[in-house]
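# build me a structure from this.
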Amino acid sequence: MADLHVISALREKRALVAGLIEKLERKLEQHRADPTHIDGVLRLFQPDRDPAEIKPKRTYRRTRYFARNEPARLCMDVLRDAPGLITTDEIAAQVIAAKGFEMADATLRASIRDQLLTVLRVARRRGTVEQMGLGAACAGNFVEIE
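Got it, this is the predicted structure:
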């Protein structure tokens, strides 16, 4: 027979998770009802347009590691100071050092590298940086365009 304190802790945890699920389901119901009301008002002002044609907007979650636009600024600073071609992993290492984060934390490094890769892809589309090479092996080699 399992220890009573283990069973008690598991029952408590299950009750907590079940309560959280109920709360989220209530929130989801409200969020699902909101577009119906908004669509009704839109139809009053624009009866010739279908509100269902409006594409959903992606929501962004602010990271706790950086202020607004800080990853882009730090990334571009590293690229400006780089003597030439630099990988995304090297950029991440320099950004981590500049922020004073723990260099040995592989999870943090991977997270920051992914964020910087997103920043670099946007900069590439704008023509600010150039990606050197193709494929997964060199997906992170970038150089700033003057």
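# can you list the weak-confidence ranges in this protein?
Scanning the chain for pLDDT under 70 picks out 1-2, 133-146.
# would you map out the domains in this structure?
Structural domains annotated on the chain: 4-53, 70-144, as defined by automatic domain parsing.
# closest to residue 59 out of those domains?
Closest to residue 59 of those is domain 4-53 (C-beta to C-beta; 11.6 Å). Any C-beta I mention is one placed from the backbone N, CA and C, and that applies to glycine too.
# using CSV, write down the CA coordinates of the host helix or strand of residue 89.
Per DSSP states H and E, residue 89 falls inside helix 88-99. Output in CSV follows, covering the C-alpha atoms of helix 88-99 (Å, rounded to 0.1, in the frame of the first residue of the first chain):
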residue,chain,number,x,y,z
THR,A,88,23.7,32.5,-34.5
ASP,A,89,25.2,30.5,-31.6
GLU,A,90,28.2,32.9,-31.4
ILE,A,91,25.8,35.9,-31.4
ALA,A,92,23.8,34.2,-28.6
ALA,A,93,26.9,33.7,-26.6
GLN,A,94,27.9,37.4,-26.9
VAL,A,95,24.3,38.5,-26.0
ILE,A,96,24.3,36.2,-23.0
ALA,A,97,27.7,37.7,-21.9
ALA,A,98,26.4,41.3,-22.5
LYS,A,99,23.3,40.6,-20.3
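# in the helix or strand where residue 119 lies, what's buried?
Using DSSP H and E, residue 119 maps to helix 106-126. Of all the residues in helix 106-126, those buried under the rule 16 or more other C-beta atoms under 10 Å are 108, 109, 112, 113, 115, 116, 117, 119, 120, 123.
# switch the domains of the chain over to TSV; also include distance to residue 64.
As requested, the domains of the chain are exported to TSV (distance: least, C-beta to C-beta, whole Å):
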stretch	distance to residue 64
domain 4-53	21
domain 70-144	11
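# any idea which of those is most buried?
A comparison of the domains of the chain by mean neighbour count, using mean count of other C-beta atoms under 10 Å, puts domain 70-144 on top with a mean of 15.
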